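[1] structure, please.
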Amino acid sequence: MPKFAASLTTLFTEIPMQKRVLAAAEAGFEAVEIPFPYDTPAQDIRNALGFANLPLVLINAPPPNYTGGTAGFAAIVGAQERFRHDFRRALRYAQTLKARHIHVMSGAAWGDQAFDTMVENLRWACAFAPEQSLTIEPMNATDLPGYFLCDFERGAGVIAAVGAENLGLQFDTYHAHMITGNVLESWDKYGGLAHHVQIAGPQGQHEPEQGEIDFRSFFARLDASGYDGWVGADYRPRGRTQDGLGWLADAQAGLGAFKRPA
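    Presented below is the predicted three-dimensional model:
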């Protein structure tokens, strides 16, 4: 059975960040991920993690320490120094919080130079932090127009070109559905590269309900493939987070994902 982590950037947003960690524990999650933790002092988050006795499995880099702009810098030609500066800051957070993974975002770019730049930046980051797991996530071009890492083949190509053991794929069911239309086939083809998995439903990126995405089969496929990492619940609740957690209880009971009540 997969191990589930609550993404606290989107879940339990009714309460302050430090209280979200305990709320996740009380809801039955075994870990948390905080893609954007940078508005909260790292020590405050560390204290909350310790109080709730939950590990932090993922943060994003570079930090969004400005308004607007690109979603990351890894593939931006000429932005290598900015990438390194922000990666160092993210690494300090990850080390303080003992985060298992840092998700490195590519930014909006295109062409061979962007590919080469992303490979260069990731080679540097993997060597700079050899004990830290890094992930890259293919994200669909409908939601993020121009995002460089917009398909799985490109992601696999970047990982192969970097050639570092501490770099892997971040596999998100919502984006896989949007990119390929078939989550299970995408997992079969690229799941061997995955260091981290995230789940969300295909319509509006809401709760992971059984439907267009066969979550029952997906969870079974994770187990069958030997995946032993975390599954991040990275979705946007339709209402209060607590009101939409039936899927978690069902999945932990081995029942698969739930159907939304009529």
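[2] so R154 touches I136, yeah?
    No. Taking contacts as CB atoms under 8 Å, R154 lies outside contact range of I136: 9.4 Å. Any C-beta I mention is one placed from the backbone N, CA and C, and that applies to glycine too.
[3] just want to know which of those two has more residues nearby.
    Between R154 and I136, counted using other CB atoms under 10 Å, the more crowded position is I136 (28 against 18).
[4] and that one, how close does it get to A253?
    In this view, I136 and A253 are 33 Å apart by CB to CB, to the nearest Å.
[5] can you report how many residues lie near the residue nearest to R123 when sequence neighbours are not counted?
    Closest residue to R123 apart from its sequence neighbours, by CB to CB, 6 or more residues apart in numbering: V162 at 5.4 Å. By the criterion of other CB under 10 Å, V162 has 21 neighbours.
[6] for the worst-scoring helix or strand of the chain on mean pLDDT, name the packing helices and strands.
    Lowest mean confidence among the helices and strands of the chain (mean pLDDT, DSSP states H and E): helix 246-252, at a mean of 90. In terms of contacts (3 or more CB pairs under 8 Å, 6 or more residues apart in numbering; DSSP states H and E), helix 246-252 is packed against strand 3-7, helix 215-225.
[7] closest one to L169 among those?
    Each of the helices and strands packed on helix 246-252 has some distance to L169 by CB to CB; the shortest is helix 215-225, at 12.9 Å.
[8] how about the strands in the stretch 101-250 of the chain?
    101-104, 133-136, 167-172, 194-199, 230-233 (DSSP state E, counting those that start in this stretch).
[9] got the angle for the third one vs strand 194-199?
    Direction vectors for strand 167-172 and strand 194-199, defined by axes from the mean of the first three to the mean of the last three CA atoms, to 10 degrees, enclose an angle of 10 degrees.
[10] residue numbering should commence at 46 henceforth.
    Okay, residue one is now 46; in that scheme the one you just asked about reads as strand 212-217.
[11] contacts only, for L194.
    Going by CB atoms under 8 Å, 6 or more residues apart in numbering, L194 touches 120, 150-151, 163, 181-184, 200, 203.
[12] any idea how far F216 lies from H241?
    For F216, the distance to H241 - CB to CB - is 7 Å.
[13] who has more neighbours out of the two?
    F216 (28 against 25).
[14] what pLDDT does T115 get?
    pLDDT recorded at T115 is 63.
[15] helices of the stretch 146-295 of the chain, start to end?
    157-173, 197-207, 218-225, 228-235, 260-270, 291-297 (DSSP state H, counting those that start in this stretch).
[16] which other residues reach the shortest one?
    This means helix 291-297. Outside helix 291-297, the residues that touch it by CB under 8 Å, 6+ apart are 46-47, 49, 72-74, 252-254, 260, 264, 278, 301-303.
[17] quick check: end-to-end length of stretch 66-84?
    Using CA to CA, to the nearest Å, one end of stretch 66-84 lies 15 Å from the other.
[18] pull out the buried residues from that stretch.
    Residues of stretch 66-84 classed as buried: 66-70, 72, 74-80, 82-83 (neighbour count, 16 or more other CB atoms under 10 Å).
[19] ok, Q215 - how many residues close by?
    Q215: 26 neighbours (other CB under 10 Å).
[20] check the one 10 residues further on too.
    Residues within reach of T225, counting by other CB under 10 Å, total 17.
[21] then the one 10 residues further on?
    Counted with other CB under 10 Å, the neighbours of Y235 add up to 19.
[22] coming back round to it: closest to Y138 out of the strands of the stretch 146-295 of the chain?
    strand 146-149 (8.7 Å).
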